[in-house]
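In: mind folding the following:
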Amino acid sequence: MSSTTRTTQFSILDRSRTREGHPDAAALRDTVALARRAEQLGYHRFWVSEHHGVPGVAGSAPTVLAAAVAAATATIRVGTGGVMLPNHRPLVVAEQFGVLESLFPGRIDMGLGRSVGFTGGIRRALGTGKDAAEDFGAQLTELLGYFTGTQTTHPQVHARPAEGLRVPAFVLATGAGARVAAETGLALVIGDLRDRRRMLDAIAAYRDAFRPSVLWPRPYVVISGTVAVAATTAQARRLLLPEARALAYSRTHGVFPPLRPADDGPAAAAALTERERGFYEDALRGQLHGTEEQVADALGTLIDAAAADEVLVTTSTHDRAALLESYERLARVAGLTGRTAGRLPAA
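Out: Numbers count the residues shown, from 1 in each chain. Predicted coordinates for the structure are as follows:
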């Protein structure tokens with residue numbers, strides 16, 4: 001792996017994916033257990049996600065789950081990847097992160113996104129519409145203002161205990177997210193490994209347009225994606241199959257299902273319709289997988305091309321033991337063993 005990679009932080013985003021035949025509670029407990037192991041391995045951050053009404057994802061309340069993760073760990077940074085601002089009022093988000101930072105000072109990250117609900121019914125239940133993401137920039141400005149005491153949307157309102165606290169903020173680059181991150185001087189989280197040219201162009205545009213802020217005096221780039229590591233290339237690829245099949249199913253049935261065991265045999269392939277097979281193969285494109293040596297080379301090339309400050313890994317699979325082994329192997333690839341995880345350096 002390149003010298004760039006050895007100085008790059010490595011972190012984990014876990015979506016609390018459910019497995020067929022297992023309750024949602026098991027997925028949430030697995031997330032907390034994975035966070036403990038990630039801390040032991042030396043990962044820098046552990047983030048959780050927000051999904052509503054999705055059978056295959058138990059993580060619907062990221063700030064609540066982040067609190068459980070922070071309480072179960074001691075040094076690793078904990079955050080969200082991310083809280084979707086269109087689904088919430090900025091004041092409430094500020095209060096939630098203010099509470100988290102007050103309880104776990106110096107360890108909390110605020111990852112923010114602009115996505116709306118997966119279906120029309122979920123959007124209606126959340127009180128949002130398809131166009132709610134267009135207000136992301138204004139919502140973000142209001143949210144950050146509650147921490148600095150400078151928000152003007154509701155000038156008589158102060159967020160307690162958020163006001164005066166410093167919680168690093170990150171923007172997930174969906175759509176216009178990269179532009180908003182640059183304009184507000186926040187860290188960028190971007191993951192489009194299937195179209196690396198577009199990803200690299202977006203990163204370059206972000207750096208060119210970046211305006212320094214109190215939280216981030218310089219651009220900070222986190223590249224996000226799936227990384228699977230195993231003893232053989234075939235075993236590593238097998239880890240990717242359950243998520244790819246779930247994604248193909250969601251694109252053709254409108255429901256994102258729990259993960260099923262990996263099956264790459266002829267019968268499984270024959271069971272896919274032509275349309276499903278297209279989505280399935282597309283889901284496997286751009287994912288990094290292989291042996292430790294293969295992944296080291298691939299990551300080194302990617303990190304050097306993006307000049308990335310950090311890699312956020314989002315791997316999901318049905319076999320939890322194999323997933324844990326993959327993260328252990330990745331920790332060796334990244335040289336994390338013995339590295340102290342934890343606090344963000346002062347800006």
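In: for the stretch 151-300 of the chain, just list every one of the helices.
Out: Ranges of helices within the stretch 151-300 of the chain are 177-184, 196-209, 233-253, 266-271, 274-284, 292-306, based on DSSP state H, counting those that start in this stretch.
In: and those helices, which one averages the lowest pLDDT?
Out: Confidence, taken as mean pLDDT, is least for helix 266-271 of the helices of the stretch 151-300 of the chain (a mean of 62).
In: dump the helices of the stretch 151-300 of the chain to CSV, plus distance to residue 315.
Out: Every residue, glycine included, has its C-beta placed from N, CA and C. CSV is the format used below for the helices of the stretch 151-300 of the chain (distance: least, Cβ to Cβ, whole Å):
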stretch, distance to residue 315
helix 177-184, 22
helix 196-209, 18
helix 233-253, 7
helix 266-271, 21
helix 274-284, 13
helix 292-306, 11
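In: dump those helices to TSV, plus mean neighbour count.
Out: Shown next, in TSV, are the helices of the stretch 151-300 of the chain (neighbours: other Cβ atoms under 10 Å):
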stretch	mean neighbour count
helix 177-184	22
helix 196-209	16
helix 233-253	20
helix 266-271	10
helix 274-284	15
helix 292-306	18
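In: my guess is residue 246 meets residue 56, correct?
Out: Yes - if you go by Cβ atoms under 8 Å, residue 246 and residue 56 touch, sitting 5.8 Å apart.
In: quick check: neighbours shared by those two?
Out: In terms of Cβ atoms under 8 Å, 6 or more residues apart in numbering, residue 246 and residue 56 are both contacted by the residues 256, 257, 258, 259.
In: out of those, who has the most neighbours?
Out: For those, the largest neighbour count, defined by other Cβ atoms under 10 Å, is 22 neighbours, found at residue 259.
In: flag the least confident of the shared contacts of residue 246 and residue 56.
Out: Lowest pLDDT within these is found at residue 256 (86).
In: quick one: residues contacting that one.
Out: For residue 256, the contact set (Cβ under 8 Å, 6+ apart) comprises 51, 54, 55, 56, 57, 118, 246, 247, 249, 250.
In: show me what the fifth one is bridged to.
Out: On the basis of DSSP bridges, residue 57 takes part in beta bridges with residue 17.
In: quick check: pLDDT value at it.
Out: According to the prediction, residue 57 has pLDDT 93.
In: gap between it and residue 88?
Out: Residue 57 is 18 Å from residue 88, where distance means Cβ to Cβ, to the nearest Å.
In: try residue 209
Out: 26 Å.
In: separation between residue 276 and residue 56?
Out: Applying Cβ to Cβ to residue 276 and residue 56 gives a distance of 16 Å.
In: doesn't residue 46 lie inside a strand?
Out: Yes - Residue 46 forms part of a strand when assessed by DSSP: H, G, I helix; E, B strand; the rest coil.
In: pLDDT score for the nearest residue to it once chain neighbours are set aside?
Out: Sequence neighbours aside, residue 35 is the residue nearest to residue 46 in space, at 4.5 Å (criterion: Cβ to Cβ, 6 or more residues apart in numbering). At residue 35, the model reports a pLDDT of 98.
In: got the phi/psi numbers for residue 35?
Out: Torsion angles at residue 35 (phi, psi; degrees, to the nearest 10) stand at phi -60, psi -40.
In: same deal with the one 3 residues further on?
Out: Residue 38 adopts backbone torsions of phi -60, psi -40, taken as degrees, to the nearest 10.
In: now do the same contact list for residue 242.
Out: 259, 260, 261, 262, 316, 317, 318.
In: which parts of the protein are strands?
Out: Using DSSP state E, the strands of the chain run over 9-14, 45-48, 77-80, 83-84, 110-113, 169-172, 187-190, 221-225, 227-229, 288-290, 310-313.
In: lowest average pLDDT across the ones you listed?
Out: strand 83-84 (a mean of 92).
In: remind me what it packs against, helices and strands.
Out: With contacts taken as 3 or more Cβ pairs under 8 Å, 6 or more residues apart in numbering; DSSP states H and E, strand 83-84 sits against strand 110-113.
In: as CSV, could you dump the C-alpha coordinates of the strand it packs on?
Out: The C-alpha coordinates for strand 110-113 follow below in CSV (Å, rounded to 0.1, in the frame of the first residue of the first chain):
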residue,chain,number,x,y,z
MET,A,110,-22.5,15.0,12.9
GLY,A,111,-22.9,13.4,9.5
LEU,A,112,-25.7,15.0,7.5
GLY,A,113,-27.5,14.1,4.3
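In: which parts of it are buried?
Out: 110, 111, 112, 113 (16 or more other Cβ atoms under 10 Å).
In: which residue of this structure lies farthest from its centroid?
Out: Residue farthest from the centre of the chain, counting by Cα atoms, centre = their mean, is residue 156 at 34.1 Å.
In: list phi and psi for it.
Out: phi -90, psi 0.
In: just to revisit the earlier point, which one of the contacts of residue 242 is nearest residue 178?
Out: The shortest approach to residue 178 among these belongs to residue 316, at 24.4 Å (Cβ to Cβ).
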